[in-house]
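*Asks:* give me the fold of what follows.
(one chain, ligands or ions: 1)
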Amino acid sequence: MATSGLNPACILLFHGLLGEGERGDRYALPERRFARWLRQFRDENRACASLPRWWAEETPAAGPQLVLAFDDGGESDFQRAFPRLLEAGQPAVFFINTARVGAPGYLSWNQIREMRRAGMSIQSHGHDHVALTQLETSELDAQLQHSRRCLEDRLGDVVEFLSVPYGFWNRRVHISALRAGYRALCTSQTGLAQPGHTLLPRNAVRRGTSDLGLQALLRGSRGYFAWRRLRAGALAAPKQLLLRCAPRASQVTG
Ligand SMILES: [Zn+2]
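*Replies:* This next block holds a predicted model:
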């Protein structure tokens, strides 16, 4: 495992983009703000890195990198994020629930293939969108193995990264993911990620994330990360409880 630590990345995690007048949950970001941030990255000469290439240290180690990630495979990934990324010439990684592909509101295999052909990375968010920590080990292994195999069979690419639904993981989920052949588990715990590590923190961007908040993330501000960790800790217990009551509830995002 490479552990140089010389080339950390701030992985920004998005959950879909909203058009003008559209409503969404607190994770949905207006497309207009996303496009403005991409223009800002361009003006700052900040190139986004491809997750697999950064992880394998194939990108130049020129200080902190920026990686853009999208969870859930919603159709706005294709309709809104993909054209903006193409326009900006920036790559992103899309984590897909294989059971949801082709369902109303989600990406189709044709859309996923088109995004992959254009240089986007496609990785796994599990087969179903379930809290992996609540599954028996045999079901957990099946979820992770099936999703990976399904993506590899359909796309012909190696799938190396798993992002955990709702951000819930533990040692058992981590071990199961590595056993299923993933190289790293992507969490929603705030912080900078290190190449070669098997646990990669990601920083969720929400509707409430301001330009100043984004700047603090990009600077790797320890104070801002500490504040986000405190807030996430306070919210974790109610979220776990809600999921325990309704494990497949679609209203709990993450
Ligand atoms: Zn999710």
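
*Asks:* is the residue nearest to Ala47 when sequence neighbours are not counted in a helix, a strand, or coil?
*Replies:* Spatial nearest neighbour of Ala47, chain neighbours left out: Gln90 (7.2 Å); criterion: Cβ to Cβ, 6 or more residues apart in numbering. Every residue, glycine included, has its C-beta placed from N, CA and C. With DSSP: H, G, I helix; E, B strand; the rest coil as the basis, Gln90 sits in coil.

*Asks:* from the ion, how far off is Gln90?
*Replies:* Gln90 sits 22 Å away from the ion, going by Cβ to the ion, to the nearest Å.

*Asks:* quick check, pLDDT for that residue.
*Replies:* As predicted, Gln90 sits at a pLDDT of 95.

*Asks:* is it true that it touches Leu38?
*Replies:* Yes. Counting by Cβ atoms under 8 Å, Leu38 is a contact partner of Gln90 at 6.3 Å.

*Asks:* and Leu13, which helix or strand is it part of?
*Replies:* Leu13 is part of strand 9-14, with elements assigned from DSSP states H and E.

*Asks:* run me through the strand neighbours of the helix or strand just after that strand, direction for each.
*Replies:* Toward the C-terminus, strand 9-14 is succeeded by strand 17-18 as the next helix or strand (DSSP H and E). According to DSSP bridges, strand 17-18 forms sheet pairs with strand 29-30 (parallel).

*Asks:* list the residues that contact the residue nearest to Ala47.
*Replies:* 38, 41, 47-48, 68 (Cβ atoms under 8 Å, 6 or more residues apart in numbering).

*Asks:* inside strands: which ones of those?
*Replies:* Leu68 (DSSP state E).

*Asks:* okay, now Leu86: neighbour count?
*Replies:* Residues lying near Leu86 (other Cβ atoms under 10 Å) number 14.

*Asks:* ugh, wrong one, I meant Gln194
*Replies:* Count around Gln194 with other Cβ under 10 Å applied: 19.

*Asks:* how much space between it and Leu185?
*Replies:* Gln194 sits 13 Å away from Leu185, going by Cβ to Cβ, to the nearest Å.

*Asks:* hey, what's in contact with both of the two?
*Replies:* With Cβ under 8 Å, 6+ apart as the test, Gln194 and Leu185 both reach Leu200.

*Asks:* quick one: buried residues of stretch 199-214?
*Replies:* 200-205, 209, 213-214 (16 or more other Cβ atoms under 10 Å).

*Asks:* my guess is Asn7 meets Glu58, correct?
*Replies:* No. The pair Asn7 and Glu58 does not pass the contact test of Cβ under 8 Å, sitting 10.3 Å apart.
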